[in-house]
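In: Turn this into a structure:
(one chain, ligands or ions: 1)
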Amino acid sequence: NILNRSPQDVYQEFQPFSFFLTKVADIPQKFNTQGAMSLKDILSNSMGVLRSSCHFNFMFDIKWLMSQYPADFRKLPVLLVHGEQGRSETDLKSEASDYANITLCRAALDIPYGTHHTKMMLLLYESGMRVVIHTANLIDNDWHQKTQGVWISPLFPPLKNSSDKGDSTTGFKADLLQYIAAYRSIKLTPWEKHIQSHDMSSANVYIIGSVPGRHTLNNKHNWGHLKLKKVLSERGPDSGLVKNWPVIGQFSSIGSLGPNKEAWLLNEWGQSISVCKSEQNGSLLPSKLNLIFPSLDNIRLSLEGYNGGGCVPYSIKTASKQPWLVQFFSQWVSEGRGRSKAVPHIKTYARVSPDGSQAAWFMVTSANLSKAAWGSLEKDKSQLMIRSYELGVLFLPQCFGCKNAFNVSSRLEEVVGTTSPVFPLPYDLPAQTYQKGDRPWLIDVPCMDKPDTFGTMWCPP
Ligand SMILES: O=C(O)c1ccc([N+](=O)[O-])cc1C(=O)O
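Out: Numbering: from 1, shown residues only. Alright, predicted model coming up:
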């Protein structure tokens, strides 16, 4: 019966998209028994008999992380790829020193204000390997009562003969290797070899990554919003179908986006994200952009109360420079997945039909709405400057047997057990714009007039 199924059963039920949310404590169980995974589920031996693993992430609680592995796997080699520097690197090293099986790899962050934001697991099993690309930090709080996204790859078998490429039609393996090569770290060589020696021809998503740098010439379109633009202009939707379809951005943090909506949001990022097949540039009308970002009340009334806003670091300093952004905001609503009160730490982007029943593409990623993550064009558009490491996967309909678009729904009964595949949305459509009086959550603004779920006020530290 549905309550004591293995993680492998839950995994199989949510194919072919293999796009899960994390389990959320204290919501009705039906929203956790289908299409939801905990970290223990992902690392469980029902998903494979582990030999070694590698975690790319931003925040690590090593003691907690090791406790999520089955007891038999807690002595296996673990590589942690992080972006810590200085004192916080020293702290991470001392935490890791208690575990002989843990090795650290520091990602270079040579451009100021960049972060190692990517969240990925490489899992090597006795019989193959898996890639997991997700949005959750490796700390208990990120897996407790938030909405997080997790893409879990198929079990990739070892390559039969090393002369085969073992890549998919989406170039998944080559793009993943190109991403890892950008670290230029000898500590990642063993994992590059594991990836090379496995057959990833069954991968049905595109890798969209960002690495810090000033990318020019042939590298310019490898990363950030120009990579998304490249894939969508080569294999994206027909403009005839989607020209009136809105773009939805959904994220948990926002950077400084410039003096007006045209500068970067519409005329740079917007032109990439709205591009269609065979177009040079997209064109995104303001009326066709919905940005789902938690309102003050989304946080206040969440399962975690105001403390849930701790992982939604939009500051009044940044917000006050871009009052023009509020017109695009919609609330976080996820009744279908039972997660309206689970603060969204997930980041997703999509192009959806006006009635919300279809999508031309969908992407889950670590990237928030910021130039640091997606890149900003410089030097007369000859270079794309990116500050942070980011990683996401893009779902296109043709990789799932659909011609132009997926049917989509956030209601589980419409997703599971249907004959034709229905993409499992993390939030309800159509997007619900901010009501009168709603304002975006701002992490550093006190809220002394309205108590939260626990009756407390928000007095930011
Ligand atoms: O959780 C993270 O990895 C993270 C870290 C830093 C920031 N930031 O500086 O805005 C945002 C996030 C986020 O994912 O929202």
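
In: CA atoms for contacts and neighbours, from now on please.
Out: Noted.

In: what mean pLDDT does whichever strand or helix holds Val132 have?
Out: Taking DSSP states H and E as the definition, Val132 sits inside strand 128-134. In this model, strand 128-134 carries a mean pLDDT of 98.

In: Report the distance from that strand to the chain centre.
Out: Offset of strand 128-134 from its chain centre (C-alpha atoms, centre = their mean, to the nearest Å): 14 Å.

In: got the contact list for the next helix or strand after that strand?
Out: Per DSSP H and E, the first helix or strand lying C-terminal to strand 128-134 is strand 146-147. For strand 146-147, contacts defined as C-alpha atoms under 8 Å, 6 or more residues apart in numbering pick out 21-22, 24, 339, 342-346.

In: Stretch 54-69 now?
Out: Residues from elsewhere that reach stretch 54-69, judged by C-alpha under 8 Å, 6+ apart: 39-40, 43-44, 74, 78-83, 95-96, 115-123, 137-140.

In: Also stretch 322-331?
Out: Residues contacting stretch 322-331 (C-alpha under 8 Å, 6+ apart): 256-261, 286, 289-295, 298, 431-434, 439-440.

In: Mind giving me the ChimeraX select for those residues, buried ones only?
Out: Typed into ChimeraX, the line below selects the buried ones among the contacts of stretch 322-331, using 16 or more other C-alpha atoms under 10 Å:
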select :256,257,261,286,289,290,291,292,293,294,295,298,431,433,434,439,440
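
In: Show me the contacts of stretch 322-331 that map onto helices.
Out: Of the positions in the contacts of stretch 322-331, Asn298 sit in helices, assigned by DSSP state H.

In: among the contacts of stretch 322-331, which are within reach of the ligand?
Out: Applying C-alpha under 6 Å from any ligand atom to the contacts of stretch 322-331, one finds that nothing falls near the ligand.

In: Quick one, which of the contacts of stretch 54-69 are buried?
Out: Using 16+ other C-alpha under 10 Å as the burial test, the contacts of stretch 54-69 include 39, 43-44, 74, 78-83, 96, 115-123, 137-139 as buried.

In: does any part of stretch 300-314 sit near the ligand?
Out: Yes: for stretch 300-314, a contact with the ligand is found by C-alpha under 6 Å from any ligand atom, at 311-313.

In: Span of that stretch from start to end?
Out: End-to-end distance of stretch 300-314: 15 Å, with C-alpha to C-alpha, to the nearest Å as the criterion.

In: Likewise for stretch 58-67?
Out: With C-alpha to C-alpha, one end of stretch 58-67 sits 19 Å from the other.

In: chain center to it: distance?
Out: 19 Å.

In: quick one: that stretch near the ligand?
Out: Yes: residues of stretch 58-67 contacting the ligand under C-alpha under 6 Å from any ligand atom: Phe58.

In: Pull up the residues of this structure that are close to the ligand.
Out: 58, 117, 137, 252-253, 311-313, 345.

In: Buried ones among those residues?
Out: Neighbour-count burial (16+ other C-alpha under 10 Å) applied to the residues of the chain next to the ligand gives 58, 117, 137, 252-253, 311-312, 345.

In: between the residues of stretch 300-314 next to the ligand, which is closest to Ser239?
Out: Val312 (34.3 Å; C-alpha to C-alpha).

In: Which residue comes closest to that closest one once chain neighbours are left out?
Out: Ser252 (5.1 Å; C-alpha to C-alpha, 6 or more residues apart in numbering).

In: residue contacts, the one you found?
Out: Applying C-alpha under 8 Å, 6+ apart to Ser252 gives the contacts 293-294, 311-314, 344-347, 368.

In: Is it located within a strand, as I assumed?
Out: No: under DSSP: H, G, I helix; E, B strand; the rest coil, Ser252 falls outside any strand and is assigned coil.

In: mind starting the numbering at 768 from now?
Out: Let's use 768 as the start, then, which means that last one is Ser1019.

In: Per-residue pLDDT of it, please?
Out: Listed pLDDT for Ser1019 reads 98.

In: Good, wrapping up.
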